[in-house]
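Colleague: return atomic coordinates for the entry below.
(2 chains)
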2 protein chains.
Amino acid sequence: MSATLLSGKALAERIRERARGGALSLTETGSRPTLAVVVATDDGSTLWYVRSIERAAGNAGIDCRIVHLGPDASEAALATVLEDLSAEPAVNGIILQTPLPPGVRTDALVGLIAPEKDVDGANPLSLGRLAVGQPAFAPATARAVVELLDHFDVPVAGRDVVVIGRSAVVGKPLSLLLLERDAAVTICHSRSGPLEKHTKAADVVVVAAGRAGLLTGSHLSPGAVVLDVGTNVLPDGSLVGDADADSVREVASALTPVPGGVGSVTTALLLLHTVEAAREQSASLVSG
Amino acid sequence: MSATLLSGKALAERIRERARGGALSLTETGSRPTLAVVVATDDGSTLWYVRSIERAAGNAGIDCRIVHLGPDASEAALATVLEDLSAEPAVNGIILQTPLPPGVRTDALVGLIAPEKDVDGANPLSLGRLAVGQPAFAPATARAVVELLDHFDVPVAGRDVVVIGRSAVVGKPLSLLLLERDAAVTICHSRSGPLEKHTKAADVVVVAAGRAGLLTGSHLSPGAVVLDVGTNVLPDGSLVGDADADSVREVASALTPVPGGVGSVTTALLLLHTVEAAREQSASLVSG
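Modeller: Okay, the predicted model is just below:
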């Protein structure tokens, strides 16, 4: 038995198409969507990632403004920029790119991103609104997981979903999205004891722990569906997920690849969120 | 075998003592804590509950201001009151009591409670801050559960805790508090399939579904610890929890009674939160 590979590419392309269509309509009414990405690092792979967002935005008809404050930016300077972008009508979406300079408190800064422009769900208010069922942007990675489940018709209502990882950017918001879809959700993490105790009973396992090879086939029951959120760079430079793909594929019925799975959908969703934000903001300008 | 009853009374008394001690010190420095409770209903049991908070506050040396807007209060009037109380330096804690008049959107109102005065964790921002590990008040009921676990030395780190109920006032915030304490947390609800599938493997079960008798002994493994958050009024006027106490006591090692369990700790925590809020606000007045 060998698991089906759940590639994110077709879904990502479909989401980019939706973003492009939405951006075009908005541009025709005179309000071309704009995404601002605030950067304060010289880290090569981060800058590469930011350029890939910029390129994808351009292809979707979205203006992308990279605000690079340099690797020595102060918290106060970052705060001012985030406040200004939050207040500027021409900017629809804001991403604060990590890592930030040493000593800068990410926690303090993300709260300054206007919730209606918080396209990567970084502001705690966005997470709280998700929890109470109010409109809010989920972190793009968390939404990518549920969009992939929908795309491949993997039901979660009434089924057992195990989320490995309790981060505020993936594990927690994803759990909220899954609860909203009527799953029974179990959240495991590095201190919650043996994984297999939970994963053996799971219909769907989402692994988002940031540890290469953490989840193996022996943790699963035959037929489980595995979504791999991990992106770990090995010493040889190759990119792998948190699942040990070889052994997982022997037991699972389906697995998202890394790269080419959850990650490819994530960037597309940042664009779609920006268009959704722009549409909402343009509607509220008209109505109010 | 018959389960130990985990009464909340001794813990509630201890928490009230802490609140009283804190209120006294603050009063001596000229800033007696004040709790405001905003009410807009004529419902008898709600008014009875509000008076019980007022009485408990008085006994703890906390001023309690009941702001009663009547059962026909508009959303706009409630919003103005919440904004005024949030801005008023003499008010340290704010509770918006439900039920509210028909048509009034609770969601829109709770966001107006200043987070530093949100002593019952009703503002979505409080929930979001809890999720990311920033200082925030949890809903008093959710904190009451973890305080009871601590009080009776029930460990949760590395153990399996099942939370039945996914509400924004109990299930979700409680899950966050349990994750912070390193439990593996499973959230079940009315649409997540057979309860026993999860509860049979649980070390600790918290039931917060609002359905009398939902959890029975046959759902549990011997030795489980059960915390019952339910408060259901039967047709004969008696108050029961969500656990079927008779059958649960035959299987569980311990169970919180209803009444006299979680609920008695909850009101005490509202007082303690008010004192904590007052201390924080008085410290920030001095420092800034």
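
Colleague: close to chain B: what parts of chain A are there?
Modeller: A:107, A:123-129, A:131-134, A:157-160, A:166, A:168, A:172, A:175-176, A:179, A:182-189, A:191-193, A:197-198, A:201 (C-beta under 8 Å from any C-beta of the partner chain). The C-beta positions use only the backbone N, C-alpha and C, and glycine is treated the same way.

Colleague: among the residues you listed, which lie within strands?
Modeller: Residues of the residues of chain A next to chain B located in strands (DSSP state E): A:Asp160, A:Ala184, A:Val185, A:Thr186, A:Ile187, A:Cys188.

Colleague: what number of residues lie near the third one?
Modeller: For A:Val185, the tally of surrounding residues (other C-beta atoms under 10 Å in any protein chain shown) stands at 28.

Colleague: what's across from it in the sheet?
Modeller: Per DSSP bridges, the residues bridged to A:Val185 are A:Val161, B:Ile187.

Colleague: and the helix ranked longest in chain A, what does it pack against?
Modeller: The longest helix of chain A (DSSP state H) is helix A:262-287. With contacts taken as 3 or more C-beta pairs under 8 Å, 6 or more residues apart in numbering or on different chains; DSSP states H and E, helix A:262-287 sits against helix A:9-28, strand A:34-39, helix A:44-59, strand A:93-96, helix A:140-151.

Colleague: and it, which residues are buried?
Modeller: A:262-279, A:281-282 (16 or more other C-beta atoms under 10 Å in any protein chain shown).

Colleague: would you mind finding the most buried of the helices and strands packed on helix A:262-287?
Modeller: strand A:93-96 (a mean of 27; mean count of other C-beta atoms under 10 Å in any protein chain shown).

Colleague: which outside residues touch it?
Modeller: Here strand A:93-96 makes contact (C-beta atoms under 8 Å, 6 or more residues apart in numbering or on different chains) with A:33-38, A:53, A:78, A:82, A:85-86, A:106, A:109-110, A:113-114, A:117-120, A:122, A:270, A:273-274, A:277-278.

Colleague: try it again at 7 Å.
Modeller: Residues outside strand A:93-96 that contact it (C-beta atoms under 7 Å, 6 or more residues apart in numbering or on different chains): A:35-38, A:82, A:85-86, A:109-110, A:113, A:117-120, A:122, A:270, A:273-274, A:277.

Colleague: mind listing what it pairs with, with the direction of each?
Modeller: As assigned by DSSP bridges, strand A:93-96 forms pairs with strand A:34-39 (parallel).

Colleague: now the angle between helix A:44-59 and the partner strand, please.
Modeller: Orientation check (axes from the mean of the first three to the mean of the last three C-alpha atoms, to 10 degrees): strand A:34-39 against helix A:44-59 gives 170 degrees.

Colleague: from the chain's centroid, how far away is strand A:34-39?
Modeller: Relative to its chain's centre, strand A:34-39 lies at 16 Å (C-alpha atoms, centre = their mean, to the nearest Å).

Colleague: which intervals of the stretch 101-250 of chain A have sub-threshold pLDDT?
Modeller: Scanning the stretch 101-250 of chain A for pLDDT under 70 picks out nothing.

Colleague: quick check: phi and psi on the closest residue to A:Val104 other than its chain neighbours?
Modeller: In space, and not counting its chain neighbours, A:Val104 is closest to A:Glu75: 4.6 Å by C-beta to C-beta, 6 or more residues apart in numbering or on different chains. With angles defined as degrees, to the nearest 10, A:Glu75 sits at phi -60, psi -40.

Colleague: kindly report the same for the one 4 residues further on.
Modeller: Here is the backbone geometry of A:Ala79 (degrees, to the nearest 10): phi -60, psi -40.

Colleague: contacting residues for it?
Modeller: A:Ala79 neighbours (C-beta under 7 Å, 6+ apart): A:Leu109, A:Leu112.

Colleague: OK, contacts around A:Ala277?
Modeller: A:Asn92, A:Gly93, A:Glu116, A:Lys117, A:Val119.

Colleague: could you measure from the closest residue to the fourth one other than its chain neighbours over to chain B?
Modeller: I take that to be A:Lys117. Nearest residue to A:Lys117, sequence neighbours excluded (C-beta to C-beta, 6+ apart): A:Ile94, at 4.7 Å. A:Ile94 is 17 Å from chain B, where distance means C-beta to the nearest C-beta, to the nearest Å.
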